[in-house]
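1. Structure, please.
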Amino acid sequence: MKLAPDIEDALDRFALEQEITREEALAVIARDWLIGYGYLRADEGEEEGEAE
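-> Coordinates of the predicted model:
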């Protein structure tokens, strides 16, 4: 997926700060957005041991 350079930079900074991979960062961001806009319940899709 091609993203704008400013989004690419922000995503990389977020992943680095959280000590996660870029793919994990995208998953965190997507999950938070989906919960925030009501498309996903906060308890949906959580695996055992997965904490926020």
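2. For burial, what's the neighbour tally of the residue nearest to Leu40 when sequence neighbours are not counted?
-> Nearest residue to Leu40 in three dimensions, chain neighbours excluded: Leu34, at 4.0 Å (C-beta to C-beta, 6 or more residues apart in numbering). Heads up, the C-betas are built off the backbone N, CA and C, glycines and all. Burial of Leu34 is recorded as 15 neighbouring residues (other C-beta atoms under 10 Å).
3. Ala25 too?
-> For Ala25, the neighbour count with other C-beta under 10 Å is 19.
4. residues touching Glu24, list them.
-> With contacts taken as C-beta atoms under 8 Å, 6 or more residues apart in numbering, Glu24 has the following neighbours: Ala15, Gln18.
5. Which of the residues in the helix or strand Ala25 falls within are classified as buried?
-> Using DSSP states H and E, the element containing Ala25 is helix 22-36. By neighbour count on 16 or more other C-beta atoms under 10 Å, the buried set for helix 22-36 is Ala25, Leu26, Arg31, Ile35.
6. Pretty sure the third one sits against Tyr39.
-> No - taking C-beta atoms under 8 Å as the contact criterion, Arg31 and Tyr39 are not neighbours in contact, 10.0 Å apart.
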